[in-house]
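# Okay, structure incoming, though there's no sequence with it:
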């Protein structure tokens with residue numbers, strides 16, 4: 001039996017938090033004693049009853065810009081210091097940072113810890129946090145090769161253990177709906193690139209767009225911008241905001257799934273879910289989307305509506321291609337990304353393979 005402590009910076013629930021919940025449940029089934037250190041909120045409400053929760057302040061930066069960003073950074077440093085004191089008192093055989101923004105608190109706690117990389121460190125600020133934390137790191141596990149790539153030049157020992165998704169699941173028919181629908185499974189936040197998809201579909205008459213995902217409070221302005229864009233004549237009555245719905249429900253309606261992120265995603269679960277259901281997928285050519293698709297989808301440059309529109313035309317209009325992509329993506333999920341195998345492998349890599357004595 002191992003006492004495992006996961007530390008996470010937020011209680012909002014998105015992809016990294018869903019992976020955390022799967023890891024926690026697996027650890028509990030294995031007989032380990034699992035503690036989750038994170039702010040109170042939606043994530044803590046989803047923890048299994050036998051899992052201990054220890055509360056800390058939110059360690060997010062809140063999307064602040066300009067002068068406000070400096071104030072937010074100072075507030076973040078103070079909250080990290082308070083969290084470090086809590087983490088220092090939390091007993092465990094193995095401490096694991098489940099997010100990059102949790103690293104400073106763990107470093108200041110005096111603990112040796114592992115790191116699960118859910119972020120592609122493409123910004124200088126991210127790499128600075130990693131440099132400051134690396135001496136306390138016993139090792140890191142990245143959810144894609146693209147996530148591991150920026151860590152190794154920093155001298156961080158890193159291995160790759162990929163994300164997975166539920167398998168098997170029913171396949172969506174490759175026949176086009178009337179009207180054809182393209183969709184995105186993602187929080188309504190600027191870096192996910194919903195606005196790029198809207199500009200692309202504006203040039204494809206008759207195609208509808210569905211967004212399945214909610215907005216965080218800090219991103220309500222972005223959601224308002226999307227709704228205003230959707231009301232313009234070239235998109236009017238063709239864009240639908242579904243809110244939070246189960247992935248399977250949304251994917252059953254879609255002819256093409258899109259990941260339009262303008263910043264690289266480490267291990268996009270939405271891409272895996274679309275692949276599992278055999279929905280042809282178009283994604284931006286950076287981050288983990290490239291290796292996850294593995295040639296079973298179409299890739300486009302980020303922030304390029306014209307390229308995205310061209311790829312959507314192909315994915316919607318070429319029926320033989322649709323059949324090939326659908327079958328190949330489901331085969332890849334079965335071989336590489338079945339969560340009944342990926343979650344145990346990820347947990348073992350974090351808890352055992354990168355462990356060191358406290």
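All right, it came through fine. Nothing here was measured: the structure is a model prediction, and the numbers come from that model.
# Would you map the helices across the stretch 101-250 of the chain?
For the stretch 101-250 of the chain, the helices defined by DSSP state H, counting those that start in this stretch occupy 103-109, 124-133, 145-148, 194-201, 220-230, 247-251.
# ok, now the stretch 251-358 of the chain?
Under the criterion DSSP H, counting those that start in this stretch, helices of the stretch 251-358 of the chain are mapped to 269-276, 288-293, 305-317, 319-336, 339-348.
# Now tabulate the helices of the stretch 101-250 of the chain in CSV and tack on mean neighbour count.
Glycine gets a C-beta too; all of them are placed from N, C-alpha and C. Compiled in CSV, the helices of the stretch 101-250 of the chain are given as follows (neighbours: other Cβ atoms under 10 Å):
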stretch, mean neighbour count
helix 103-109, 24
helix 124-133, 15
helix 145-148, 20
helix 194-201, 23
helix 220-230, 15
helix 247-251, 18
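# To residue 310, which of these lies closest?
helix 194-201 (8.7 Å; Cβ to Cβ).
# when you compare where that closest one runs with where helix 220-230 runs, what's the angle?
10 degrees (axes from the mean of the first three to the mean of the last three Cα atoms, to 10 degrees).
# Counting by contacts, list what helix 194-201 packs against.
In terms of contacts (3 or more Cβ pairs under 8 Å, 6 or more residues apart in numbering; DSSP states H and E), helix 194-201 is packed against strand 181-185, strand 208-212, helix 220-230, helix 305-317.
# got a list of what residue 144 touches?
160, 162, 163, 266, 267, 287, 288, 291, 292 (Cβ atoms under 8 Å, 6 or more residues apart in numbering).
# ok, and the closest non-adjacent residue to it?
In space, and not counting its chain neighbours, residue 144 is closest to residue 288: 3.3 Å by Cβ to Cβ, 6 or more residues apart in numbering.
# picking that back up, for residue 105, find the nearest of the helices and strands packed on helix 194-201.
helix 220-230 (27.9 Å).
# now the helices of the stretch 101-250 of the chain as a markdown table including distance to residue 347?
As requested, those are arranged in a markdown table below (distance: least, Cβ to Cβ, whole Å):
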| stretch | distance to residue 347 |
| --- | --- |
| helix 103-109 | 19 |
| helix 124-133 | 22 |
| helix 145-148 | 17 |
| helix 194-201 | 33 |
| helix 220-230 | 35 |
| helix 247-251 | 22 |
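# Format these as a markdown table; extra columns: distance to residue 351 and mean pLDDT.
Shown next, in a markdown table, are these (distance: least, Cβ to Cβ, whole Å; pLDDT from 0 to 100):
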| stretch | distance to residue 351 | mean pLDDT |
| --- | --- | --- |
| helix 103-109 | 16 | 96 |
| helix 124-133 | 19 | 94 |
| helix 145-148 | 18 | 96 |
| helix 194-201 | 36 | 98 |
| helix 220-230 | 37 | 97 |
| helix 247-251 | 28 | 97 |
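# To residue 171, which of those helices lies closest?
Among these, the nearest to residue 171 by Cβ to Cβ is helix 247-251 (10.2 Å).
# Please name the residues that touch the nearest residue to residue 309 once chain neighbours are set aside.
Nearest non-adjacent residue to residue 309, counting by Cβ to Cβ, 6+ apart: residue 200, 4.1 Å away. The contact partners of residue 200, taken as Cβ under 8 Å, 6+ apart, are 260, 305, 306, 308, 309, 312.
# what residues are up against the third one?
Going back to what we said before, that points to residue 306. Contact partners of residue 306, counting by Cβ under 8 Å, 6+ apart, are 200, 203.
# biggest helix in the protein by residues?
The residue-count maximum for a helix in the chain (DSSP state H) belongs to helix 67-88.
# which outside residues touch that helix?
With Cβ under 8 Å, 6+ apart as the test, helix 67-88 has contacts from 5, 7, 37, 54-62, 64, 95, 101-102, 104-111.
# ok and that helix relative to helix 124-133, angle-wise?
30 degrees.
# State the next helix or strand along the chain beyond helix 67-88.
For helix 67-88, the following helix or strand on the C-terminal side (DSSP states H and E) is strand 94-97.
# Against which helices or strands is that following strand packed?
Using 3+ Cβ pairs under 8 Å, 6+ apart, strand 94-97 sits against strand 3-7, helix 103-109, strand 113-117.
# mind running it again at 6 Å?
Applying 3 or more Cβ pairs under 6 Å, 6 or more residues apart in numbering; DSSP states H and E, one finds that strand 94-97 contacts strand 3-7, strand 113-117.
# could these go into a markdown table alongside mean neighbour count, distance to residue 207 and mean pLDDT?
What follows is the helices and strands packed on strand 94-97, written out as a markdown table (neighbours: other Cβ atoms under 10 Å; distance: least, Cβ to Cβ, whole Å; pLDDT from 0 to 100):
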| stretch | mean neighbour count | distance to residue 207 | mean pLDDT |
| --- | --- | --- | --- |
| strand 3-7 | 24 | 42 | 98 |
| strand 113-117 | 27 | 36 | 96 |
